[in-house]
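Chemist: Here is the input, now give the coordinates:
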Amino acid sequence: MKKKVVIGLSGGVDSSVALHLLQEQDYECIGVTMKVWDETETDDAKALAEKFGIEYRIVDFREQFKDKVQDYFVNEYLAGRTPNPCTVCNRYVKLEALLSVADEVGADYVATGHYARIVKLDNGRYTLMKTPTAVKEQTYALFRLSQEQLARIMMPVGEYTKDEIRNIAREMGMEVADKPDSQEICFIPDNDYAGFIGRYTGKTSVLGNFVDMSGKVLGQHKGIIHYTVGQRKGLNLSLGRPAFVVEIRPDTNEVVIGTNEDVFSDTLYAGDINYMGIEKIPEDGITAIGKIRYAHAGARCKVTDEKDGRIKVVFDEPQRAITPGQAIVLYDGDKVLLGGTIFK
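Modeler: Below you'll find the model as predicted:
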């Protein structure tokens with residue numbers, strides 16, 4: 001009897017090839033698209049399911065998406081932080097939606113088109129491993145996944161590069177072979193975060209002061225939701241020198257401005273920790289490679305447990321624009337050890 005797999009279908013090339021690879025391995029596949037906001041596109045995914053001759057369902061997860069992702073996104077920006085909604089969505093919406101269908105139909109596994117590999121370590125824990133393709137490597141965005149989720153997820157495209165996946169799609173005559181990857185946050189297709197937050201909350205941005213490192217007022221900003229640490233463009237400040245956002249202070253509604261050098265730091269603190277490859281940090285800490293944003297190459301650091309559910313990370317070399325709200329993911333080689341949310 002074939003084993004059942006519930007696979008998330010977006011209609012894109014990655015989930016399409018993932019479905020093909022699973023069928024080649026003789027799995028019985030059930031396609032699921034998550035309706036997470038009103039403009040969720042389902043036509044391509046439905047056509048794909050029909051082409052492959054599999055059962056197809058649309059799961060309405062709009063309420064969960066609003067509560068877990070959109071509310072979080074808005075509240076983080078209003079608090080002066082720069083959120084990472086994909087990391088929250090992957091754990092609390094996408095995987096939960098797939099697993100709910102899997103439990104309903106008695107499926108053994110769920111599958112996604114993510115570029116990551118799942119391994120079970122000698123210590124009994126599941127973790128993520130980087131893929132052969134640096135262009136589309138997605139372990140950073142998946143660091144929140146739980147042990148229970150990892151035990152039931154399959155990521156068939158994780159063994160391939162993006163080019164290899166597109167080539168497989170071309171060989172199969174798939175129309176999506178050259179479909180471009182989505183770059184922006186799915187529920188803000190125009191990339192106007194501030195505009196979305198204004199519409200979502202019904203409130204206009206509160207103007208405030210740009211200040212220098214000593215507190216001197218340099219000018220007026222258009223609301224803290226328009227800025228992030230390290231930002232240079234769009235400040236509209238005439239200081240006779242390059243200006244960068246160093247800090248955002250929601251309590252005083254100030255945006256602190258400094259030089260490029262002021263944006264570098266070697267230390268961060270993080271909370272909301274998810275342990276993956278290890279169960280805890282040993283007393284004397286660990287040495288790891290820390291990645292502070294999706295596009296960050298990663299840098300060597302020392303990680304210690306602060307004993308209050310938080311960790312301290314000290315890099316060998318100062319890193320640019322360590323940003324509250326973003327994720328810090330820690331690796332041993334290609335293996336994810338743990339991750340958390342930067343708070344300072």
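Chemist: so what does the one helix or strand in the chain whose mean pLDDT sits lowest touch, helix or strand wise?
Modeler: The weakest-scoring helix or strand in the chain, judged by mean pLDDT, DSSP states H and E, is helix 43-52 (a mean of 85). On a contact count with 3 or more C-beta pairs under 8 Å, 6 or more residues apart in numbering; DSSP states H and E, helix 43-52 meets helix 13-24, strand 28-35, strand 55-60. Where you see a C-beta, it was placed from the backbone N, CA and C, and this is true even at glycine.
Chemist: any idea how far the longest one is from the chain center?
Modeler: Computed by C-alpha atoms, centre = their mean, to the nearest Å, the separation of helix 13-24 from the middle of its chain amounts to 22 Å.
Chemist: Check the second one too.
Modeler: For strand 28-35, the distance from its own C-alpha centre to the chain's C-alpha centre is 21 Å (C-alpha atoms, centre = their mean).
Chemist: and that strand, which strands flank it?
Modeler: Strand pairing for strand 28-35, determined by DSSP bridges: strand 4-8 (parallel), strand 55-60 (parallel).
Chemist: what angle sits between that strand and helix 13-24?
Modeler: 160 degrees (axes from the mean of the first three to the mean of the last three C-alpha atoms, to 10 degrees).
Chemist: who's in contact with strand 28-35?
Modeler: For strand 28-35, contacts defined as C-beta atoms under 8 Å, 6 or more residues apart in numbering pick out 2-11, 19, 22-23, 40, 42, 45-46, 48-49, 52, 54-62, 65, 93-94, 97-98, 101, 105, 107, 111.
Chemist: deepest of the strands paired with strand 28-35, which one?
Modeler: For those, the largest average neighbour count (mean count of other C-beta atoms under 10 Å) is found in strand 4-8, namely a mean of 24.
Chemist: hang on, the earlier thing: which of the contacts of strand 28-35 are buried, as a ChimeraX select command?
Modeler: Per 16 or more other C-beta atoms under 10 Å, the buried members of those correspond to this ChimeraX selection:
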select :4,5,6,7,8,9,10,11,19,22,23,40,42,45,46,48,49,52,54,56,59,61,62,65,93,94,97,98,101,107,111
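Chemist: Name the nearest residue to D190, ignoring sequence neighbours.
Modeler: Leaving aside its chain neighbours, D190 sits nearest to E184 (7.8 Å; criterion: C-beta to C-beta, 6 or more residues apart in numbering).
Chemist: wait, is that neighbour part of a strand?
Modeler: No - counting by DSSP: H, G, I helix; E, B strand; the rest coil, E184 is not part of a strand but coil.
Chemist: State the phi and psi torsions of R117.
Modeler: With angles defined as degrees, to the nearest 10, R117 sits at phi -120, psi 140.
Chemist: Isn't it up against P156?
Modeler: No - the pair R117 and P156 does not pass the contact test of C-beta atoms under 8 Å, sitting 10.2 Å apart.
Chemist: who has more neighbours, the two?
Modeler: P156 (24 against 18; other C-beta atoms under 10 Å).
Chemist: quick one, what contacts that one?
Modeler: If you count contacts by C-beta under 8 Å, 6+ apart, P156 has them with 17-18, 21-22, 111, 113.
Chemist: Closest one to I342 out of those residues, please.
Modeler: Nearest to I342 among the contacts of P156 is G113, at 27.7 Å by C-beta to C-beta.
Chemist: Read off the pLDDT value for the residue nearest to D190.
Modeler: Turning to E184, the model gives it a pLDDT of 70.
Chemist: Wait, it touches N191, no?
Modeler: Yes - if you go by C-beta under 8 Å, E184 and N191 touch, sitting 4.9 Å apart.
Chemist: hey, where'd the strands end up in the stretch 101-250 of the chain?
Modeler: For the stretch 101-250 of the chain, the strands defined by DSSP state E, counting those that start in this stretch cover 109-111, 117-120, 126-129, 153-154, 208-211, 217-221, 244-249.
Chemist: picking that back up, among the strands paired with strand 28-35, which comes closest to A141?
Modeler: Closest to A141 of those is strand 4-8 (C-beta to C-beta; 14.2 Å).
Chemist: Can you list the buried residues in the strand ranked longest in the chain?
Modeler: In the chain, with assignment by DSSP state E, the single longest strand is strand 264-275. Buried residues in strand 264-275, counted by 16+ other C-beta under 10 Å: 264, 268-270, 273-275.
Chemist: returning to that earlier point: wait, which of the helices and strands packed on helix 43-52 is closest to D178?
Modeler: Closest to D178 of those is helix 13-24 (C-beta to C-beta; 7.9 Å).
Chemist: would you turn the strands paired with strand 28-35 into CSV with mean pLDDT and distance to K302?
Modeler: Shown next, in CSV, are the strands paired with strand 28-35 (pLDDT from 0 to 100; distance: least, C-beta to C-beta, whole Å):
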stretch, mean pLDDT, distance to K302
strand 4-8, 94, 37
strand 55-60, 91, 43
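Chemist: Can I get those strands in JSON lines including distance to M174?
Modeler: Formatted as JSON lines, the strands paired with strand 28-35 follow (distance: least, C-beta to C-beta, whole Å):
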{"stretch": "strand 4-8", "distance to M174": "15"}
{"stretch": "strand 55-60", "distance to M174": "17"}
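Chemist: between these, which one is nearest to Y126?
Modeler: Within the strands paired with strand 28-35, the stretch nearest Y126 is strand 4-8; the backing value is 17.3 Å (C-beta to C-beta).
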